[in-house]
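Student: I would like the atomic coordinates for the input below:
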Amino acid sequence: MEITTEQPPAAAGVGYIRHDIGVGWSDMRIELRHLRLLCAIADAGSLSQAAATAGFSQPALTAQLHRIEAALNGQVFHRGRRGVTPTEFGLFVLSRARSVLVTLDDLTAVNAEAHNASLIRIGGYTTPVLTGLVQRLYEHQDIEISVHAEYSPRLLLDLLKSRRLDLVATVDYPLYRTPAVPDVTARFIATEPIFVIMPSDHRLADRREISLADLADEDWLVSPPDGAGWPEVFYSACLDAGFAPRIRHMMSERDAIRSLVAKGRVIAPCQATMPSGPGCVVRPLEGSPLRIRHVLAWHDKGPASDQAGLLTDLAMAAHRQASAASPAFAAWLAGPAAGNLRGCPPDSQ
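Tutor: Numbers count the residues shown, from 1 in each chain. Next up is the predicted model:
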């Protein structure tokens, strides 16, 4: 990776840094080693200590820093008797440099041999299954975990396949099943219907169940595409109900969704376990035209494989607890509408 500076002023554009130094243009190219050097200087707090750590003489490091600053067209550090401190511009550069380096290290990390074999690296979208599983695992002091949140189920499976993760709590949909991946075992955890969250003063809010067709004239908010079937399943269900949904907003943050819904701007499909919040109510859709499946998957050669039974039990317990804590879902589960869902084997749900 490099940020080139060989472009003439008239053609300066994306990916180039313009830096008028003296009468000409610097031919210095910013490389990863330069970003690492800037971070090392910031961490050391002095040029002499950074030079010793990096294996430079102090004059050589100082000269290199001058060239980097010239290429960036700005001073990165204040020099003083007590060492160096970042300038305002330097804070900006360092934040970007650290972000680049962390991302690169994550991309190039070599998994199974490079990490603690006793550590279970868990990935998932922030569903009640993931959060409940993590909370329960903290009670097992003999199991060490780390958590990596991602929105896309497909990305989670890719990270699992490449052994950057050991276990993922993911989702799929009845017509968009989790694909088979070599050396990866997937276990069904639970199926839940998709409900709708709406303003508490909505004209249909007092109904126990709402027909999707009765929502044809509403403005909708949906979560972004996840690469695994959403929102395609939502669009298909709406078309089956006789209308094309009018999508006004797209976001995934629950608090933001509840805020827009509470203000009467939109309604939104949601997981049945989603808390309602002030100004909102969660209601089932008549006939459960939309369903989501929770799935736990692990790499067969990773540390999660040895704990598969325990992890599956904990994930199922997490979903049961979240279901019981949701008034709308708990009431739905106690009624006749849940009978068909409970009676179906996992492969047909």
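
Student: for the rest of this, base every contact and every neighbour count on C-alpha atoms.
Tutor: Noted.

Student: contacting residues around the closest residue to residue 38 other than its chain neighbours?
Tutor: Using Cα to Cα, 6 or more residues apart in numbering and skipping residues adjacent in sequence, the residue nearest residue 38 is residue 94, 7.2 Å away. Shown in contact with residue 94 (Cα atoms under 8 Å, 6 or more residues apart in numbering): 35, 38, 39.

Student: would you say the first one is within a helix?
Tutor: Yes - note on residue 35: a helix contains this position according to DSSP: H, G, I helix; E, B strand; the rest coil.

Student: how about a markdown table for the contacts of residue 94, with neighbour count and distance to residue 285 added?
Tutor: As requested, the contacts of residue 94 are exported to a markdown table (neighbours: other Cα atoms under 10 Å; distance: Cα to Cα, whole Å):
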| residue | neighbour count | distance to residue 285 |
| --- | --- | --- |
| 35 | 18 | 53 |
| 38 | 24 | 56 |
| 39 | 19 | 53 |
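
Student: still on that earlier bit, how near is the residue nearest to residue 38 to residue 46?
Tutor: 15 Å (Cα to Cα, to the nearest Å).

Student: with adjacent residues omitted, what lies nearest to residue 279?
Tutor: Closest to residue 279 by Cα to Cα, 6+ apart is residue 262, at 4.6 Å.

Student: pretty sure that neighbour is touching residue 198, no?
Tutor: Yes - the pair residue 262 and residue 198 qualifies as a contact (Cα atoms under 8 Å) at a distance of 7.2 Å.

Student: what about those two, which has more around it?
Tutor: More neighbours surround residue 198 than the other of residue 262 and residue 198, with 28 against 23 (other Cα atoms under 10 Å).

Student: mind listing the residues bridging to the closest residue to that one other than its chain neighbours?
Tutor: Leaving aside its sequence neighbours, residue 198 sits nearest to residue 267 (Cα to Cα, 6+ apart; 4.7 Å). Bridge pairing for residue 267 (DSSP bridges) gives the partners residue 220.

Student: check what pLDDT residue 267 gets.
Tutor: In this prediction, residue 267 carries a pLDDT score of 97.

Student: okay, which residue is most central for the chain?
Tutor: residue 150 (2.6 Å; Cα atoms, centre = their mean).

Student: can you give me the end-to-end distance of stretch 67-79?
Tutor: Stretch 67-79: ends 16 Å apart by Cα to Cα.

Student: on that earlier part again, for the residue nearest to residue 198, list the residues it contacts.
Tutor: Here residue 267 is in contact with 196, 197, 198, 199, 218, 219, 220, 221, 261 (criterion: Cα under 8 Å, 6+ apart).

Student: buried ones among those residues?
Tutor: 196, 197, 198, 199, 219, 220, 221, 261 (16 or more other Cα atoms under 10 Å).

Student: so the fifth one sits right up against residue 248, yeah?
Tutor: Translated: residue 219. Yes - using Cα under 8 Å, residue 219 is in contact with residue 248, at 6.1 Å.

Student: shared neighbours, those two?
Tutor: Joint contacts of residue 219 and residue 248 (Cα under 8 Å, 6+ apart) are residue 266.

Student: may I see the buried residues of stretch 160-174?
Tutor: Buried, per 16+ other Cα under 10 Å, within stretch 160-174: 160-161, 163-174.

Student: strands - which of those land there?
Tutor: 167, 168, 169, 170, 171, 172 (DSSP state E).

Student: now the helices for the stretch 201-349 of the chain?
Tutor: 232-240, 254-262, 308-325, 327-334, 339-343 (DSSP state H, counting those that start in this stretch).

Student: element containing residue 41, please.
Tutor: helix 32-44 (DSSP states H and E).

Student: show me what that helix is packed against.
Tutor: helix 47-54, strand 83-86, helix 88-108 (3 or more Cα pairs under 8 Å, 6 or more residues apart in numbering; DSSP states H and E).

Student: can I get the CA coordinates of the first one in CSV?
Tutor: Which is helix 47-54. Provided in CSV are the C-alpha atoms of helix 47-54 (Å, rounded to 0.1, in the frame of the first residue of the first chain):
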residue,chain,number,x,y,z
LEU,A,47,12.8,10.7,19.2
SER,A,48,15.7,9.1,21.1
GLN,A,49,13.6,6.3,22.6
ALA,A,50,11.8,5.7,19.3
ALA,A,51,15.1,5.6,17.4
ALA,A,52,16.4,3.0,19.9
THR,A,53,13.3,0.9,19.5
ALA,A,54,13.3,1.1,15.7
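
Student: between that helix and helix 32-44, how big is the angle?
Tutor: Helix 47-54 runs at 130 degrees relative to helix 32-44, counting by axes from the mean of the first three to the mean of the last three Cα atoms, to 10 degrees.

Student: following element in sequence after helix 47-54, please.
Tutor: Trace forward from helix 47-54 with DSSP H and E and the next one is helix 58-72.

Student: could you give me the buried positions within that next one?
Tutor: 58, 61, 65, 67, 68, 69, 70, 71, 72.

Student: buried sites along the lengthiest strand in the chain?
Tutor: Ranked by number of residues, the top strand in the chain under DSSP E is strand 184-199. Using 16+ other Cα under 10 Å as the test for burial, strand 184-199 gives 184, 186, 188-199.

Student: what lines up beside that strand in the sheet?
Tutor: strand 268-271 (antiparallel), strand 280-283 (antiparallel), strand 291-299 (antiparallel).

Student: winner for burial among those?
Tutor: Most buried of the strands paired with strand 184-199, by mean neighbour count (mean count of other Cα atoms under 10 Å): strand 280-283, with a mean of 25.
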